[in-house]
Structures are given as C-alpha cells and as structure tokens.
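A.B. asks: Sequence and predicted model, in that order:
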Amino acid sequence: MPVRITKPEINLREEINKALTLRGLENQSITVKGLVSSGTIHVEKNGDDAEVEGLRLSHKHTSFANGTGQDQAIALTFDLPSSEDGVTSNRVAAKVVGRKGGYGTNDWYTAGASVNFNGQLDFYTRKDDVLTQQMLIDEDGLVGIIAGTDTRSTATKSHNLRIITSSASGAVPLVVSNEDFTAGTNQSVGIEFGLSRNSGTVKLNAGQIKVGRGDDWTNDDAQVDANMAFSTYTNNALTEKFRIDPNGYLVAQSASQVRLVLGEEGNSNNNTSNWIRGNQTYLQYNSAGGFHSWEVLGSEKLRLLAGGGLTFNGEDTAAHALDDYEEGTWTPTDASGQGITGFTLAHNQFTKVGRKVFAHCQITFPSSTNTTLARLTLPFTADSASNNSATGGICQEQNLGSSVAIVAAVNYTNGVIFRPNGFGNYSYADLSGKMLRFTIQYNASS
C-alpha cells in the first residue's frame, strides 16, 4: 500500500537554540525569542554594561594560499519583492559588504604574528536595476562617496571624506542646495569650515563660501543672477573678504585696504613680496625687489626699473631710462657773488624731463653801476659739460636796442649769462633797468 510521508512542523526558535547549544554557546545567554513578526527573528543577548555581539556573518573559507585571499568578503543584503511583466521575484535592493581593506592588496595571510589585518565596508544600492557601489568606509575610517568609478590609490588617501567620480566630460559630484521658492534676494546657501581654539572652543564658521541671489529669481530669466562670497575670521569675527558678482567682477570692498599677493617671495606685511593693493582712494603696486613690466601680446612696451626710471619698447638699462619729470616756477637770483637784488620777474617757469631742462623767464634788472658780469641762477645746477657755446637760448624780447640779438648762455655750472650777438658779455651796468625775455634749454647735473 502507498506510504504517505508527512512534512513535520518545525519550531524555528527551538531549532536555532539547539544549533547554538551544539556550538557550545548555551552559556552565553543568547536567546532566539521567536518570530517577532512574519519572517523576522529577534536575537537577544545579555551583556550587562558591555557591548554585546548580537549578529555575526562569517566567511568560512580559510584554506587559501598566500596572495590569493584579497577579494574575500561577506555581505548583508536587503531583498525586496518585484513584479515584472507578470513574473514575480525578489531582487537585492541594497547590500553592505565587509571586505579585507588595503585597496585589494591585503590577503590576511602571514607566516607569523602580525597586526596587518585591515577591513572596510562597502555600501551598494540598486540604480537602473544595477547594484552599484555608492560609498565606502576604509580601514582608517575615511569615507568615500562614489559618483563614478573608484580610482583611489594609496597616494591619494589623505581625506576624511572624499567624493569620487570618473567622467571624461566633467562631473558635479556634490550639490548644496537652498530650495526655498520665495522671490527675493535674501536666500543663500554656503559651506563653512571649522577650526578650534586651544581653549577647546570650536569655531564652525572660521571660513565660509556662500552663494546668494543677486536678483529676485522670478520666472523672468533676466532676474536670475547669483553671486559667490568668500569670508574668513578676522579678530574673532567672520567678515567677507571678496565676492564674485553676477557680472563676473571680483569685488573686494569689505576692508579698508585690499591686497593681492603674487608669488611666494617675501612677506606681504613688510613689503618684501610682490603685491597689488588699493583702497577707496589709491591703487599701488609693489615689487619684491625687481622691475615692473607692461607688455602687449607678450612684447614689453614699458618697464619701471628697480632703481627708478622708465624705459620703453624692451630697453632695460639706466642709460635708456626716463627717471625724472618736474614742472613749476623758478626765481632767478644773482649768481655773480655781488649780492645784486631788486629783480622784477614774470613768466618764470620751467619743465624738467629726465636731465633736460626747459626754462623761460621775463626779467627786469635793477638800476646798477656794477660792472661785474651779470649772471643768474638756474632752476637746476647745470652739468659741468654745459658750456655757453653749446647750451642756452635766445631772448625773444628785449629793450636794449633793435640792432642787437641777445643770447642767453649757460656758463658751465655757474648759471646763465647774456651775450650781445653771441659775442662778449653784458654786465649789470649794461643791463641796468633793462628787460629781457628769454628761453633756455640745458642738461642738468642729475
């Protein structure tokens, strides 16, 4: 006759406890309390105030050769039901994988005692029906959020949090968003950086990068503008240092003086570095010790030499430098040593470009019977090579007589003298009460 076999009912709680007893764990106070809800097991263990191990997942393959166990791992998976085209099944929605750490190079194999056993956790979620690694915590506690392919190496392992991406066309792996929809210009979103004082106080906003609205952000595209502001602590207060406005302008208006330091040379606080600075009234440039150069299309057009002076179009020596410019009025006085006074002056002006001096004056001489050579001072001391035959000028106007041409000649370093028709010299007695209007040019001594 047929034999009927009946499947026995199994008490899951009793069976698990039997298995635990067979493993010698009956004295560990581990109790499977039964099915808390359908398909759920509650494991309880008494550990007083100490941490207790409630669940362990083990990879039991221990017979592996040196250099072959790097990929051993064990996972906790989360399985959810699905229905596709009328076919029902379960799929893994997410998993947490414990694996050997060290970027796939640690096989946990050693011939003697060692502490070189590292572990890490990998976190996966399902995206577009593909189970993809999204995050990891490595053996040093460093967190990696993965937005592409994990390309880490030991050379790049220096971050507490690293967002990893791999994209040939660029990627944006991090977005910080303020999703308030109110129109207006007050909304902003930022990232702050914290530092600690030696007293233990933490300044969570020691530095800040903030993006804010530059307009109302209505449906009108012309009103969707944004700026980016950069702030740091100064004297225990967070202050904005500069911002990039909606037009792309770099704006630094929060301080009384703004300084841009270029290069690594020197100290910007004692002017031994290269910097550009300015405030509401001036703009300054400082060199660490060399020259300033202005170029057009890579070709130098103007240079300020370190020792002073401007050169042009690639010239770089002092001999080619324009090192002085001045204009003003001058007061000719007696240079003969006779102490003559009482000159009447008008139009007494000069311009000095480099060493070249251009001077003009209208002078009326006082009444005098002194027969000493009439000699007047110059705006600047003449070069010792300046001679009365080589430098000077003419009198455009005079009242000595219509038949004479009067020359104003530079007499070495002794001043300017006056010569009739370029020959001989006038004395103070010759020029007594007379008016001369003259222009001269000469080279100054410096």
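C.D. replies: Perfect, thanks for sending it.

A.B. asks: Name the residues of the strand ranked longest in the chain that are buried.
C.D. replies: The strand spanning the most residues in the chain, taking DSSP state E as the definition, is strand 87-100. Of the residues in strand 87-100, those scored as buried under the neighbour-count criterion (16 or more other Cβ atoms under 10 Å) are 95, 97, 98, 99, 100. In this view, the C-beta of every residue, glycine as well, is placed from N, C-alpha and C.

A.B. asks: who does that strand touch, helix- and strand-wise?
C.D. replies: Strand 87-100 sits against strand 73-84, strand 119-127, strand 130-137, with contacts defined as 3 or more Cβ pairs under 8 Å, 6 or more residues apart in numbering; DSSP states H and E.

A.B. asks: Which residue ranges of the stretch 201-350 of the chain form strands?
C.D. replies: According to DSSP state E, counting those that start in this stretch, the stretch 201-350 of the chain carries its strands in the segments 202-213, 226-234, 237-244, 250-251, 258-262, 274-278, 283-286, 292-296, 299-304, 310-312, 325-329, 344-353.

A.B. asks: which stretch in the ones you listed has the least confidence?
C.D. replies: Taking each of those in turn, the one with the lowest mean pLDDT is strand 258-262, at a mean of 79.

A.B. asks: just the CA coordinates of that one, formatted as CSV?
C.D. replies: As requested, C-alpha coordinates have been extracted for strand 258-262 and formatted as CSV (Å, rounded to 0.1, in the frame of the first residue of the first chain):
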residue,chain,number,x,y,z
VAL,A,258,42.7,95.1,-0.2
ARG,A,259,46.0,93.4,-1.2
LEU,A,260,46.6,90.7,-3.8
VAL,A,261,49.9,88.9,-3.2
LEU,A,262,51.6,87.3,-6.3
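
A.B. asks: Name the residues that touch stretch 366-375?
C.D. replies: 334-338, 340-343, 365, 411, 414-418, 425-433 (Cβ atoms under 8 Å, 6 or more residues apart in numbering).

A.B. asks: Run the chain-centre distance for stretch 224-236.
C.D. replies: With Cα atoms, centre = their mean, to the nearest Å as the basis, the distance from the averaged C-alpha position of stretch 224-236 to the chain average is 14 Å.

A.B. asks: residues in contact with that stretch?
C.D. replies: Contacts of stretch 224-236 with the rest of the structure, by Cβ under 8 Å, 6+ apart, involve 203, 205-215, 217, 238-246.

A.B. asks: ChimeraX command for the buried members of the residues you listed?
C.D. replies: To isolate the buried subset of the contacts of stretch 224-236 in ChimeraX, counting by 16+ other Cβ under 10 Å, use the following:
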select :206,207,208,210,211,212,213,214,215,217,240,242,243
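
A.B. asks: Quick check: residue 283 vs residue 69, distance?
C.D. replies: Residue 283 sits at a distance of 67 Å from residue 69 (criterion: Cβ to Cβ, to the nearest Å).

A.B. asks: can you count the residues close to residue 341?
C.D. replies: For residue 341, the number of neighbouring residues by other Cβ atoms under 10 Å comes to 8.

A.B. asks: list the contacts for it?
C.D. replies: Going by Cβ under 8 Å, 6+ apart, residue 341 touches 333, 334, 366.

A.B. asks: cool, residue 243 as well?
C.D. replies: The contact partners of residue 243, taken as Cβ under 8 Å, 6+ apart, are 227, 228, 229, 230, 250, 251, 252.

A.B. asks: what about it, distance to residue 365?
C.D. replies: When Cβ to Cβ is applied, the distance between residue 243 and residue 365 equals 68 Å.

A.B. asks: What is the neighbour count of the closest residue to residue 110 other than its chain neighbours?
C.D. replies: When the adjacent residues along the chain are set aside, residue 110 lies closest to residue 116, with 6.9 Å between them (Cβ to Cβ, 6 or more residues apart in numbering). By other Cβ under 10 Å, 10 other residues sit near residue 116.

A.B. asks: Are we agreed that residue 116 is in a strand?
C.D. replies: No - with DSSP: H, G, I helix; E, B strand; the rest coil as the criterion, residue 116 is located in coil rather than a strand.

A.B. asks: so it makes contact with residue 107?
C.D. replies: No - shown here, residue 116 and residue 107 do not form a contact pair, counting by Cβ atoms under 8 Å, at 10.0 Å.

A.B. asks: overlap in contacts of the two?
C.D. replies: Contact criterion Cβ under 8 Å, 6+ apart; residues shared by residue 116 and residue 107: none found.

A.B. asks: got the contact list for stretch 326-337?
C.D. replies: When contacts are defined by Cβ under 8 Å, 6+ apart, stretch 326-337 is touched by residues 340-341, 343, 345, 348-352, 359, 361, 363, 372-379, 414-416, 428.

A.B. asks: Swap in 6 Å and give it another go.
C.D. replies: The set of residues that contact stretch 326-337 without belonging to it, under Cβ atoms under 6 Å, 6 or more residues apart in numbering, is 340, 348-352, 361, 372, 375-377, 379, 415.

A.B. asks: ok, now stretch 118-127?
C.D. replies: So stretch 118-127 is contacted by 93-98, 101-102, 106, 131, 133-139 (Cβ under 6 Å, 6+ apart).

A.B. asks: how far out from the middle of the chain is it?
C.D. replies: That offset, for stretch 118-127, works out to 37 Å (Cα atoms, centre = their mean).

A.B. asks: Kindly export it (C-alpha atoms) in PDB.
C.D. replies: Listed in PDB are the C-alpha atoms of stretch 118-127, where the atom choice follows Å, rounded to 0.1, in the frame of the first residue of the first chain:
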ATOM      1  CA  ASN A 118      42.600  45.700   7.800                       C
ATOM      2  CA  GLY A 119      38.900  45.800   6.900                       C
ATOM      3  CA  GLN A 120      36.500  48.100   5.200                       C
ATOM      4  CA  LEU A 121      32.800  48.400   4.500                       C
ATOM      5  CA  ASP A 122      31.300  48.900   1.000                       C
ATOM      6  CA  PHE A 123      27.800  50.200   0.500                       C
ATOM      7  CA  TYR A 124      25.700  49.300  -2.600                       C
ATOM      8  CA  THR A 125      22.300  50.400  -3.800                       C
ATOM      9  CA  ARG A 126      20.400  49.400  -6.900                       C
ATOM     10  CA  LYS A 127      20.200  52.100  -9.600                       C
END
